[in-house]
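**Q** Below are the sequence and a predicted model; questions follow.
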Amino acid sequence: RKAAQQRARVLFGRAANAVNLAMWAILVSFFRLHPPARRSASLIAASAVVMILTVIYLRQAAMTNAHRLTYIAITALGSVALPTCSDLGQAAESVCRCSALLLGEAIGYLIEWRMRVAYLDRNTCAACACSVCTLYRGKQEDSFVQEDSFAPLHFSAAALSAVRVQPWTLVFTDAALEARYTSAAFRAACTPFCAFFTLLVLLDLMLAVIFPNIIGGMIVAVVCEGGLVVARVWADGIADQQHARKVFGRAANAINLLMWGSVVSIFRFHPPALSHAYLVAPAAMLCCMIGIYLRQSALTNAHRLAFVATTALACAMLPTLSELSELGRSTEPLCFGGALLLGEVIGYTLELNNRHARLQLHKRDLLQREMQTEADKCRKVNEELKLLTAAKDNFVASLSHEM
């Protein structure tokens with residue numbers, strides 16, 4: 001609520017670090033005086049995911065670099081100072097938490113970098129439009145140009161208002177703009193998509209080590225996720241990115257169907273021993289992130305919804321995997337389905353914001369081109385009037401000479 005937001009950033013950063021320092025001091029003191037009983041290693045996996053998301057949101061909160069790095073350093077030191085909480089041991093727990101902080105910082109850096117580049121592009125277009133407007137005002141002051149040459153740009157206003165984003169499908173009403181946007185977004189999403197599914201491979205390997213009872217399903221998931229990365233890299237090399245979107249969407253759904261069919265078959269014929277309920281938390285978080293990344297990967301709506309539907313159906317068909325089933329057989333499918341729905345909602349919000357930003361760039365580009373056309377027309381009229389004035393002066397001079 002402060003008017004000076006720069007001052008508010010500094011104050012909030014100091015307050016956040018003070019609260020974080022007090023929290024970790026209390027936690028470390030309490031757990032040192034009252035050591036907790038050792039829990040399953042999945043507790044560390046869940047806390048690592050929370051730390052990753054926390055650091056990403058620190059980047060999105062626009063905190064100063066000094067305050068953000070101080071927050072991360074306090075969290076890392078507090079994590080190292082905690083006593084052993086699981087079967088992994090204190091050294092392994094510290095490495096997992098610190099690695100999660102580092103990974104969150106890397107992901108947050110990439111997201112903020114893309115946001116700043118997009119903001120710079122928008123400001124560049126606005127500056128170009130302002131320079132053309134300045135040129136207009138200068139031309140209006142020229143005595144050789146008539147005021148009628150600067151009629152209001154009714155055509156530009158009509159063209160700008162005609163293009164909009166459809167609320168449910170998030171598709172531009174302008175087909176050409178939709179094709180350009182989706183092609184550019186699909187090509188730009190190649191590296192983040194490959195990085196995300198490579199991260200999923202590492203997480204699946206980690207889950208396979210922590211929970212040996214599900215190692216068969218995790219191996220199938222690792223192979224299929226690697227196949228998705230290969231298919232995405234292959235699609236990036238196709239010249240026609242609209243055709244590549246459709247081909248990759250079909251390949252992704254085929255690989256996803258094969259993966260879930262194999263995983264469900266393995267777990268149905270060889271039911272795993274029940275794991276701790278903490279297993280559901282990282283699995284649900286992965287489902288949520290998959291929904292978000294499918295939106296950011298510029299897949300067609302049909303392919304994306306088919307991918308989500310296949311995943312939801314497979315999660316409902318899986319046998320009981322954790323002790324969470326004590327609350328009811330439907331508890332695990334509800335958690336996974338809710339995570340997929342949450343990922344779809346977050347992805348929808350992010351894509352809506354991206355499309356509105358792209359629409360503003362498109363409108364500014366249209367306005368800039370229209371203003372440039374009008375400026376060229378005024379220059380031409382100006383040159384013609386200069387020639388006409390010079391001819392008039394020559395005629396008057398000749399007439400005076402003859403008289």
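**A** In hand now; what should we look at?
**Q** The helix or strand that contains G108 - what's its average pLDDT?
**A** G108 belongs to helix 90-140 when assigned by DSSP states H and E. Mean pLDDT, helix 90-140: 67.
**Q** Equivalent analysis for stretch 318-325, please.
**A** 65.
**Q** And for stretch 226-235?
**A** 91.
**Q** With stretch 5-19 instead?
**A** 86.
**Q** got it, and stretch 176-195?
**A** 84.
**Q** What lies in contact with it?
**A** 110, 163, 171-172, 229, 232-233, 235-236, 241-242, 244-245, 293, 296-298, 354-355, 358, 362 (Cβ atoms under 8 Å, 6 or more residues apart in numbering). C-beta: built from backbone N, CA, C; applies to glycine.
**Q** Please indicate which of the residues you listed are buried?
**A** 163, 171-172, 229, 232, 235-236, 241, 244-245, 293, 296-298, 354-355, 358, 362 (16 or more other Cβ atoms under 10 Å).
**Q** can you map out the strands along this protein?
**A** Counting by DSSP state E, the chain has no strands at all.
**Q** any chance you could map the helices in this protein?
**A** Under the criterion DSSP state H, the chain contains helices at 5-33, 42-60, 65-81, 90-140, 154-162, 175-188, 190-210, 215-236, 241-269, 280-296, 301-317, 331-402.
**Q** among these, which is the most enclosed?
**A** For the helices of the chain, average neighbour numbers computed from mean count of other Cβ atoms under 10 Å are highest in helix 280-296, which has a mean of 21.
**Q** could you list every residue that touches H67?
**A** Contacts here follow Cβ under 8 Å, 6+ apart; on that basis H67 touches 10, 13-14, 16-17.
**Q** Could you check how far the nearest residue to V165 once chain neighbours are set aside is from G89?
**A** Distances taken as Cβ to Cβ, 6 or more residues apart in numbering put R355 closest to V165, at 5.1 Å, once the chain neighbours are dropped. To G89, R355 is 48 Å away according to Cβ to Cβ, to the nearest Å.
**Q** what does Y109 give?
**A** In terms of Cβ to Cβ, Y109 sits 30 Å off from G89.
**Q** L21 too?
**A** 26 Å.
**Q** Kindly report the same for M218.
**A** From M218 to G89 the distance is 22 Å (Cβ to Cβ).
**Q** ditto for E370
**A** 67 Å.
**Q** do the same with V49
**A** 20 Å.
**Q** next one: V308
**A** 38 Å.
**Q** now swap in P212 and tell me
**A** 17 Å.
**Q** now swap in G227 and tell me
**A** From G227 to G89 the distance is 35 Å (Cβ to Cβ).
**Q** ok, G347 - contacts?
**A** G347 neighbours (Cβ under 8 Å, 6+ apart): 291-296.
**Q** Nearest residue to it in space, ignoring adjacent ones along the chain?
**A** Per Cβ to Cβ, 6+ apart, closest to G347 is R295, 2.9 Å.
**Q** and the one you found, what does it touch?
**A** 304, 344, 347-348, 350-351.
**Q** Just the closest of these to S79, please.
**A** L350 (29.3 Å; Cβ to Cβ).
**Q** Please give me every residue in contact with the closest residue to T64 other than its chain neighbours.
**A** Counting by Cβ to Cβ, 6+ apart, G13 is the residue found nearest to T64 once chain neighbours are left out, at 5.4 Å. Counting by Cβ under 8 Å, 6+ apart, G13 touches 63-64, 66-68, 70-71.
**Q** roughly how far apart are G13 and G237?
**A** 44 Å.
**Q** ok, now W24?
**A** For W24, the distance to G237 - Cβ to Cβ - is 48 Å.
**Q** same deal with I215?
**A** When I215 is compared with G237 (using Cβ to Cβ), they lie 34 Å apart.
**Q** ditto for R180
**A** According to Cβ to Cβ, R180 and G237 sit 20 Å apart.
**Q** Next: V49.
**A** For V49, the distance to G237 (Cβ to Cβ) stands at 33 Å.
**Q** cool, A46 as well?
**A** In terms of Cβ to Cβ, A46 sits 38 Å off from G237.
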